[in-house]
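coordinates only, sequence not included:
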């Protein structure tokens, strides 16, 4: 059987397997080598890149930035390429592309709580000045139990050194506790790369 040789006169030769990248191999002079990195054309499907992180401990403070998120470690969670990292409440992206970012907060309330819980996603393009992008709230009036709220942001990341996100909360009136921990997971963020730049 003759070899098939493809030799582009310019640019790059792109070969992709949308079903399973681990099946892709390239023939070398010493044998077949599995490709470990994939390059997709602009706008094409992204290679698997996602993260889910949970708030590790309860947070009973009224206002400010949430911090102390831990990569999911229950339910068989695994990611071939983590999309985000968190440090001191700042979420950094590990690569460029189009991302879906979701924040969900669950508050534990005592019967003495009477408040409105407000949560926000904030964005910076310069790793310094943050702007509120999403905002939502949930009202409670002297009731015990749990209340949750969530937000989703679609964003394009072109500069991972400067484009970052934070999640904030603001309690009006009595302050309930943002539930942390992983048994089960109450308060979490997730990021998924949905397309390349």
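That came through, no problem. Since the model is a prediction, treat every value here as computed from it, not as a measurement.

For the residue nearest to residue 66 when sequence neighbours are not counted, give the beta-bridge partners.
Residue nearest to residue 66 in three dimensions, not counting chain neighbours: residue 167, with 4.9 Å by Cβ to Cβ, 6 or more residues apart in numbering. Backbone N, C-alpha and C define where each C-beta goes, glycine included. Under the criterion DSSP bridges, residue 167 forms beta bridges with residue 121.

Please name the residues that touch residue 167.
Going by Cβ atoms under 8 Å, 6 or more residues apart in numbering, residue 167 touches 65-66, 89, 91, 103, 105, 119-122, 189.

In strands, which of the residues you listed fall?
65, 91, 103, 105, 119-122, 189 (DSSP state E).

Tell me how many other residues surround the residue nearest to residue 166 when sequence neighbours are not counted.
Spatial nearest neighbour of residue 166, chain neighbours left out: residue 122 (4.6 Å); criterion: Cβ to Cβ, 6+ apart. Other residues lying near residue 122 total 20 when counted by other Cβ atoms under 10 Å.

Equivalent analysis for residue 98, please.
Using other Cβ under 10 Å: residue 98 sits among 16 other residues.

Look at it and report its pLDDT.
As summarised for this prediction, residue 98 has a pLDDT of 96.

So what sits opposite it in the bridge?
Following DSSP bridges, residue 98 is listed with bridge partners residue 156, residue 195.

what's the answer for residue 177, then?
Applying DSSP bridges, one finds that residue 177 bridges with residue 108.

Now do the contacts for it.
Here residue 177 is in contact with 58-60, 107-109 (Cβ under 8 Å, 6+ apart).

can you do 6 Å?
The contact partners of residue 177, taken as Cβ atoms under 6 Å, 6 or more residues apart in numbering, are 58, 60, 108.

So which of those wins on neighbours?
Most surrounded of the contacts of residue 177: other Cβ under 10 Å gives residue 108, at 17 neighbours.

pretty sure that one contacts residue 179?
Yes: Residue 108 is within contact range of residue 179, at 5.1 Å (criterion: Cβ atoms under 6 Å).

Find the nearest non-adjacent residue to residue 125, please.
Using Cβ to Cβ, 6+ apart, the nearest residue to residue 125 is residue 163, at 5.6 Å.

Counting neighbours, what do you get for the nearest residue to residue 67 once chain neighbours are set aside?
Closest residue to residue 67 apart from its sequence neighbours, by Cβ to Cβ, 6+ apart: residue 89 at 3.5 Å. Counted with other Cβ under 10 Å, residues neighbouring residue 89 total 16.

Residue 87 now?
Residues near residue 87, counting by other Cβ under 10 Å: 10.

now it, which residues is it bridged with?
Under the criterion used (DSSP bridges), residue 87 bridges to residue 90.
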